[in-house]
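Visitor: Quick one: sequence plus predicted model below, questions after.
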Amino acid sequence: MSLFTHPEFDGHERVLFAHDPASGLKAIVAIHSTRLGPAAGGCRMWPYASEEEALADALRLSRGMTYKNAVAGLDLGGGKSVIIADPRTQKTPELLRAFGRAVHDLGGTYVTAEDVGVSVADMEIVREATPHVAGLETGAHASGDPSPVTARGVFEGMRKALLVATGSDDVAGRTIAVQGLGHVGRHLCALLHAAGARLVVSDIDPARVADAERAFDARAVAPDAIATVAADVFAPCALGGVLDDATIPRLKARIVAGAANNQLARPEHADALHARGILYVPDFALNAGGIINVAREIEGRTDAGWLTETLGAMVANIETILREAAERGVSPNGVAEAFARRRLA
Ligand code: NAD
């Protein structure tokens with residue numbers, strides 16, 4: 001396994017491999033950049049098939065956080081951590097505390113929070129070992145579960161995409177295909193349902209599918225069918241890499257706008273979507289609501305209007321990116337990346 005020559009290595013400042021035999025912790029913390037401030041990004045717990053897969057995920061996700069925080073206008077750098085474990089069977093308080101000690105050793109250059117497989121309650125346990133954690137339920141500036149704010153940002157950003165692509169931002173009567181009914185996906189479905197959208201949903205967990213059928217009158221399809229169902233918008237809200245050589249030629253949606261990180265299997269898939277006339281809203285620009293919510297806690301903000309204002313600016317920025325891309329006839333992904341690079345420079 002290589003690091004400095006790894007295809008996903010992008011000048012990362014620091015990569016920590018943390019092992020605690022007593023609790024069974026095997027974790028990787030990747031700090032991509034602290035140029036704009038302490039690296040902030042969630043912790044993902046996933047039963048990765050290999051250490052290589054976990055390292056690739058940590059490197060890619062942490063780079064994505066640098067861009068996400070930069071585009072969202074936050075004074076935070078990019079970092080991310082992954083714990084190689086099955087959250088349903090291997091998550092223990094000892095393991096979470098050992099992870100907290102590893103984060104603590106980084107001296108505040110990395111601040112952790114929730115991601116896939118990790119809950120607010122888990123972060124409360126991590127806090128027993130380090131103060132460099134956010135997304136907490138209790139404490140002076142506790143911001144709690146970031147996913148409702150992420151979902152709100154995705155919902156509003158999706159409306160901007162509809163506006164740019166169709167001339168109307170109304171979701172009523174539109175068909176939206178939501179992949180993944182976890183923290184963000186379920187909140188997004190609730191917002192879309194309340195606004196009158198028709199939902200097609202999928203999850204690998206049948207209980208979550210049954211819940212969405214009941215609560216949102218959603219139509220369920222198999223996990224391998226959701227990306228290519230007939231819909232106005234495809235909203236990936238599960239894991240990354242869903243937009244690839246196999247799915248892009250078969251997509252029926254005119255817009256892709258979802259919460260999942262790293263939706264493009266490879267960077268050039270942004271151009272493949274553009275070539276097919278599909279409007280892709282860059283994931284790192286669209287799903288920043290959660291980190292904005294977390295930033296409020298990290299920075300100890302007390303001004304009540306800051307969250308709404310910053311989320312509003314994020315959503316307005318999405319429209320600017322999509323319009324600039326349309327005017328120049330290019331993929332919005334490159335426009336958003338250039339925007340982030342300007343801030344980093
Ligand atoms: P989560 O773990 O709560 O939910 C993920 C859901 O996806 C689960 O219900 C899981 O069963 C389902 N899933 C997994 N593989 C699937 C497949 N092949 N097909 C259909 N469903 C599948 O995670 P979350 O917090 O809701 O995050 C979802 C995505 O959004 C992740 O990529 C995450 O990195 C990203 N994200 C989350 C936040 C946040 O605030 N939680 C913020 C920014 C980005």
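Guide: Nice, thanks for sending it over.
Visitor: so who does A40 touch?
Guide: By C-beta atoms under 8 Å, 6 or more residues apart in numbering, the contact list for A40 reads 65, 69, 74, 76-79, 110-111, 113, 134, 291, 294-295, 298. C-beta here means a position set from N, CA and C on the backbone, and glycine is covered the same way.
Visitor: again, only using 10 Å
Guide: Applying C-beta atoms under 10 Å, 6 or more residues apart in numbering, one finds that A40 lies in contact with 34, 65-66, 68-69, 74-80, 110-113, 132, 134, 291, 294-295, 298-299.
Visitor: and what of H193?
Guide: H193 neighbours (C-beta under 10 Å, 6+ apart): V171, I176, L199, A212, A215, F216, D217, A218.
Visitor: Over stretch 142-158, what's the mean pLDDT, rounded is fine.
Guide: In this model, stretch 142-158 has a mean pLDDT of 95.
Visitor: Tell me the buried residues in that stretch?
Guide: Using 16 or more other C-beta atoms under 10 Å as the test for burial, stretch 142-158 gives 143-158.
Visitor: Distance from the chain centre to it, please.
Guide: Centroid displacement of stretch 142-158 relative to its chain, using C-alpha atoms, centre = their mean, to the nearest Å, is 10 Å.
Visitor: cool, stretch 264-272 as well?
Guide: So, by C-alpha atoms, centre = their mean, the centroid of stretch 264-272 is 17 Å from its chain's centroid.
Visitor: what's the spacing between G305 and L311?
Guide: According to C-beta to C-beta, to the nearest Å, G305 stands 11 Å off from L311.
Visitor: If you count surrounding residues, which of the two has more?
Guide: It is L311, of G305 and L311, that has more neighbours when counted by other C-beta atoms under 10 Å, with 21 against 8.
Visitor: Now for the closest residue to R328 other than its chain neighbours, how many residues are close by?
Guide: Distances taken as C-beta to C-beta, 6 or more residues apart in numbering place V335 nearest to R328, at 7.4 Å, with adjacent residues excluded. V335: 20 surrounding residues under other C-beta under 10 Å.
Visitor: again with K160
Guide: Around K160 there are 22 other residues, counting by other C-beta under 10 Å.
Visitor: CA atoms only: put the helix or strand in which it is found into PDB for me.
Guide: In the assignment (DSSP states H and E), K160 maps to helix 147-166. Only the C-alpha atoms of helix 147-166 are listed here, as PDB (Å, rounded to 0.1, in the frame of the first residue of the first chain):
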ATOM      1  CA  SER A 147     -28.200  16.000   9.000                       C
ATOM      2  CA  PRO A 148     -31.500  18.100   9.100                       C
ATOM      3  CA  VAL A 149     -29.400  21.100   8.000                       C
ATOM      4  CA  THR A 150     -27.600  19.100   5.300                       C
ATOM      5  CA  ALA A 151     -31.000  18.000   4.000                       C
ATOM      6  CA  ARG A 152     -32.400  21.500   4.100                       C
ATOM      7  CA  GLY A 153     -29.400  22.700   2.000                       C
ATOM      8  CA  VAL A 154     -29.800  19.900  -0.500                       C
ATOM      9  CA  PHE A 155     -33.500  20.600  -0.800                       C
ATOM     10  CA  GLU A 156     -33.000  24.300  -1.400                       C
ATOM     11  CA  GLY A 157     -30.000  23.700  -3.800                       C
ATOM     12  CA  MET A 158     -32.100  21.100  -5.700                       C
ATOM     13  CA  ARG A 159     -34.700  23.800  -6.200                       C
ATOM     14  CA  LYS A 160     -32.000  26.100  -7.600                       C
ATOM     15  CA  ALA A 161     -31.000  23.400 -10.000                       C
ATOM     16  CA  LEU A 162     -34.700  23.000 -11.100                       C
ATOM     17  CA  LEU A 163     -34.900  26.700 -11.600                       C
ATOM     18  CA  VAL A 164     -31.800  26.800 -13.800                       C
ATOM     19  CA  ALA A 165     -32.700  23.700 -15.800                       C
ATOM     20  CA  THR A 166     -36.500  24.200 -16.200                       C
END
